[in-house]
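[1] The sequence isn't on hand, but the structure is:
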């Protein structure tokens, strides 16, 4: 009983001590904010980011001498460039059994697809088969993915032919067209290799996932429609790739034979179509289980490697693919890349290493030697059906639905690419996708979101009042957070005006009540990574205009570049270094204190 | 002495109780994060932002009836459109004295400048004077700025002539050229009025302050060089505006009269030049005090209003300027706007209201009636010197130096605009400025900055280790903050790879020591305002890859849109809702706890 008052006393003392400690540490922390070291300059930053792109692993060169180390480093370098040197040493017969089976399965799929895709690329069938021989061999030596299946793919084949056919008609001069294709392949390979060498692989990311889904879907439909040529036995067909031209061409062609012989009209038009629909149906039904794998493959896609727990260096992959295309272009191959559908088949067939690609390559080579003569007589309707059977895997409806559900703006990019490919051309589809994606980034950066902050109950944390409805406002103080990474010419004035409007609205609302409106505006700048001169100007004007309304501007948590520039622009001298805080809650405490003292002075 | 153990006991109890409270409140707060209400959808957000742009003041329509209210609202509306109805009622004779003096001072500056700028616009002098009569009168009725001086300005005059002269040669058909100028003025006015009406004034902000400084400097130099024509008495001069063409034209023209009469070469070339240099010097020296005001005017610029403590609605201004140009185009005026230099003179001459503009307008009108005949005989050399004397105010070297000092990237936009105008053309200069400014925003949005966080001593705050060198890392835990407002296709993979690299490097470094590397990666997402499907995919892959390295992914402070999309994409189910936290410090505490229990289990 007697210890009670002593305890409360000591508690009070403790509290007072704590308060004093708080006050001093608050001052100390404000000093930390104000006296942070200078951030790296523009040139330094440029240099370091270039260095990071080119040497991402850092360069901890321990100069601890010895020829052995040098030798081991040379071996390491060689193993880096040719991963086969690493995994080849541990290669066992048990693995080969799996790889052989997977390779043969792959070949059985690769041969018809290569012929079909060569047809899509407006090349003779053997060039598609060549593309399934040389590039996989080169990739097996230089690549580091284990499951990927290399060869021609549908979308690239169509892209090639739709672009090149505009410059060089494949029917008028097949040799010149072919040479054009090989030249394009050489350039594509060179660019890929250079991108890999200079570690610019990240540029590939600039086509967003959503727009790829849309692009692939549109391309698949266009490819499918182009197969009408093969299906309907039409010889004069449009070289354009948009859906209107293709359909128009198809219907006029149907009309044309119809006029010549009205009774026999239906026979040539329908016979191959029916046979193809039937065969496609059979293919589809027998491959139903694999088809499941296929869809999954697209969803898992990039993370085949992560399933098996190893890491792939995108830039090294790029280099390997580049070299494989350079070598391919010199040996009558056109652009090859990893095929999603065949990779999924390879994976589910139990491949262990890239040896499955070597097996496939050799199998295709043998079939080339044996069947070349026969290939010329492959009916176009069958080629068309081969191509058609691969198309459903490209149309990722489930993926598109997922995008629609999660992110509506992403979905706009997706359908933009889809309709661009479908109704205009491949290039316009790609362009639409890139423009929509970047417009979205720009809009997000410009969009001047600001949110009012409130204190969460039983926590010293200030949060968005909309996201956390339980957050409580501090009367007389307006705490706002700027939700833009850059306070710049494009959004600074908008933000300034909106804050001012909130302040004046609050004043008008509270005119009837006894309160005196907003005494302090706390600007939480924790999201603002950088500021430009227009942003600083807007802050200065905001400060002046707030003074007219008799409220004080306080800044909480300015980031490195921001505090540095505010220091340079002497903005801090203007608002007073006492109004810069590390956290919103410290700023609120200080504002409440100064408000109380202001009242006391009155 | 006896109370000591009791006290410590109670303290310990208190601490335990606090810990328990902490734990429950931490759970509660995590629930707040997870169960936040759904953010507004895309359409809702679009709608509200459109509404905000068009009706920024909100629409608190109190339906409290009565015709009086309706009447007073009509009066308010009229006063809003014609502010003269408001300030005109309080107008006093004492104010008129000041306005009269300011207006006459303004007229003395306006008359020569209008003639000079009309020359710059390749129009006859009276059109410049008309532009100083009609638009100021309209603005005086509709505008709300008090100090602004309306009339033709140098840069707009040059812009007009350089653009229109490409389509219609002013020498070949002056009437057609003039009609073209008036048509352009009508369109400019209409656009300005529409922008004001639809509250699109913010679009004007899209030319950054820095690029305007550069553009104005470049334009001033080009205008100055074009005056060589007047100064050197050259009749055949280039209509191009880039510095190379202008200088080339000037030198060949000097060469040309020189060849005709070598002895008299220097006289025609030098005589006007010398006289102009002298007169410009005199003007400069006598206006030295005003010149000081002028420079200041550019720096203060937009905030004349804020000096006097009233607020200007940019959109209403836009509407007034638009109407004044529409009216101007119908009465033989070309594009008028507020002149910086004359506004500063008006301000320092002590103007009180827009009556000073009315006084100026009437004075110019009188001088037009009296002197029109004389105007035709104004020597071009004198016109040139009038124009030249206004140019130094456009070259804001101090502003450019300030931009250089504060923001190097802004300075690049500034010199981009400067050299664009100087060496290419006005349009290319503007385009360069806009492109550089937006490229900067894009780069900032894409630039995948991430920073390692450390705990500040004696505070529960986690901050950038670079900005706050005193921050301390928690061993075994990597806390990183993503410094981008959008985690999207363009930066998600880069961020994922960099985090993985940090983790693996840490593992390699700590292999020799007894510690077990990184046990948890805490992703502070407080800066990430939005995420797209590619960003979610990257997070999923990061989670999988971290599991391979036996470390756990935790997410701290996800924002409204982010947590909503992570919920939709079922990402939260995948990493477990127990790994979502409100703050970094709570995440760290939880990770440390789980690490300890993991050790205890071993």
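    Cool, the structure landed. These figures come from a predicted structure and were not determined experimentally.
[2] Quick one: mean pLDDT for stretch A:193-208?
    The average pLDDT within stretch A:193-208 is 71.
[3] how long is it end to end?
    Terminal residues of stretch A:193-208 lie 22 Å apart, using Cα to Cα, to the nearest Å.
[4] Repeat that for stretch A:437-453.
    With Cα to Cα as the measure, stretch A:437-453 spans 31 Å from end to end.
[5] buried stuff in it?
    Under the neighbour-count criterion of 16 or more other Cβ atoms under 10 Å in any protein chain shown, stretch A:437-453 has A:437-438, A:440-441, A:444-451, A:453 buried. Any C-beta I mention is one placed from the backbone N, CA and C, and that applies to glycine too.
[6] Also stretch A:522-539?
    Neighbour counts over stretch A:522-539 (16+ other Cβ under 10 Å) mark A:522-539 as buried.
[7] re the thing from before, the buried residues of stretch A:437-453 also near chain B: which ones?
    Residues of those in contact with chain B (Cβ under 8 Å from any Cβ of the partner chain): A:437-438, A:440-441, A:444-447, A:449.
[8] Looking at pLDDT only, which of these scores worst?
    residue A:447 (67).
[9] returning to what we had before: out of the buried residues of stretch A:437-453, which sit inside helices?
    Taking DSSP state H as the definition of helices, these contribute A:437-438, A:440-441, A:444-446.
[10] Quick check: the farthest pair among the residues you listed?
    Pairwise distances across those peak at 15.2 Å for A:437 and A:446 (criterion: Cβ to Cβ).
[11] shaky segments in the stretch 251-400 of chain A?
    The stretch 251-400 of chain A contains residues with pLDDT under 70 at A:251-314, A:371-381.
[12] one more time with 50
    Counting by pLDDT under 50, the stretch 251-400 of chain A contains low-confidence residues at A:256-262, A:264-273, A:275-276, A:279-280, A:282-284, A:286-295, A:297-309.
[13] okay, now the residue of the stretch 451-600 of chain A found nearest chain B: neighbour count?
    Closest residue of the stretch 451-600 of chain A to chain B, Cβ to the nearest Cβ: residue A:489 (3.5 Å). The tally of other residues near residue A:489 (other Cβ atoms under 10 Å in any protein chain shown) stands at 28.
[14] can I assume it sits in a strand?
    No - counting by DSSP: H, G, I helix; E, B strand; the rest coil, residue A:489 is not part of a strand but coil.
[15] Any idea how far apart the tips of stretch A:421-432 sit?
    9 Å.
[16] Now do it: distance to the chain's middle.
    Mean-position distance between stretch A:421-432 and its chain equals 19 Å (Cα atoms, centre = their mean, to the nearest Å).
[17] Residue A:167 is in contact with residue A:177, correct?
    No - assessed by Cβ atoms under 8 Å, residue A:177 is found out of contact with residue A:167, at 9.0 Å.
[18] So between those two, which is more surrounded?
    The residue with more neighbours, out of residue A:177 and residue A:167, is residue A:177; 20 against 9, by other Cβ under 10 Å.
[19] what's near enough to touch that one?
    Counting by Cβ atoms under 8 Å, 6 or more residues apart in numbering or on different chains, residue A:177 touches A:122, A:164-165, A:168-170.
[20] And it, its phi and psi?
    Main-chain dihedrals, residue A:177, degrees, to the nearest 10: phi -60, psi -50.
[21] Also residue A:165?
    According to degrees, to the nearest 10, residue A:165 has phi -60, psi -20.
[22] and it, how many neighbours does it have?
    Per other Cβ under 10 Å, the neighbour tally for residue A:165 reads 18.
[23] Need the pLDDT of it.
    Predicted confidence (pLDDT) for residue A:165: 81.
[24] Might one say that it is in contact with residue A:121?
    No - checked against Cβ under 8 Å, the pair residue A:165 and residue A:121 is beyond contact range at 9.8 Å.
[25] mind checking which helix or strand the residue lying closest to residue A:319 once chain neighbours are set aside is in?
    Spatially, and ignoring its direct neighbours in sequence, residue A:319 is nearest to residue A:196 (3.1 Å; Cβ to Cβ, 6 or more residues apart in numbering or on different chains). Per DSSP states H and E: residue A:196 is located in helix A:174-197.
[26] Next secondary structure after that helix?
    On the C-terminal side of helix A:174-197, the nearest following helix or strand under DSSP H and E is helix A:209-226.
[27] anything in that following helix near chain B?
    Yes - judged by Cβ under 8 Å from any Cβ, helix A:209-226 comes into contact with chain B at A:209-210.
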